[in-house]
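Asker: When you get a sec, could you give me coordinates for this:
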Amino acid sequence: MKSSIEDLPVVYDIPQGLSQAEHWGGMTVSATKIRHSFDGAPLFKGLPDDQCQVPHWGYVIKGKYRIKFADHEEEYNAGDLYYIPPGHTPIVEEGLEYIEFSPTDKVSEQAEVVGQNMQAMQGG
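Answerer: Here you go, the predicted model:
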């Protein structure tokens, strides 16, 4: 399978950013562009330890991507490849663009909680 980023279906298009994704062979490939900096921790409220429980593999196209763990923080910059294990929260900065691969079953397990939290963040 192949796709251009522009052809990936839109998952969300909100003031903070645009995310497009598709499911391929048990993995979800997503392309995200951040318009406004924000701490992503509120998205994961209600999940174990109020953290994302999905592992991610990815590449930072542009900008800076920070990930908070219980005991440390990591930073990924343009040109970096990364692996993020479960048990984290993201801090994204304006101008960040990245591509990420995540197990679809894990993404689906927490999608409802994240969706509800995203609506709450948007005031809805």
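Asker: ends of stretch 52-70, how far apart?
Answerer: 12 Å (C-alpha to C-alpha, to the nearest Å).
Asker: Off-centre distance for it?
Answerer: Stretch 52-70 has its C-alpha centroid displaced from the chain centroid by 7 Å (C-alpha atoms, centre = their mean, to the nearest Å).
Asker: Next: stretch 42-56.
Answerer: So, by C-alpha atoms, centre = their mean, the centroid of stretch 42-56 is 11 Å from its chain's centroid.
Asker: What are the buried residues along that stretch?
Answerer: 43-44, 47, 51-54, 56 (16 or more other C-beta atoms under 10 Å). No exception for glycine: its C-beta is placed from N, CA and C like everyone else's.
Asker: Tell me the one of these nearest Lys106?
Answerer: Set against Lys106, the nearest of these by C-beta to C-beta is Val54 (4.3 Å).
Asker: what stretches of this structure score poorly on pLDDT?
Answerer: Along the chain, the model assigns pLDDT under 70 to residues 124.
Asker: just the strands in it please.
Answerer: 10-14, 17-24, 27-34, 38-39, 56-62, 64-68, 73-77, 81-84, 89-92, 97-103 (DSSP state E).
Asker: quick one, which of those strands is nearest to Gln122?
Answerer: strand 10-14 (6.1 Å).
Asker: Can you give me the buried ones in that closest one?
Answerer: Here strand 10-14 shows Val11 as buried, counting by 16+ other C-beta under 10 Å.
Asker: Can you pick out the most distant pair from the buried residues of stretch 42-56?
Answerer: Most distant of those, by C-beta to C-beta, are Leu47 and His56, 14.7 Å apart.
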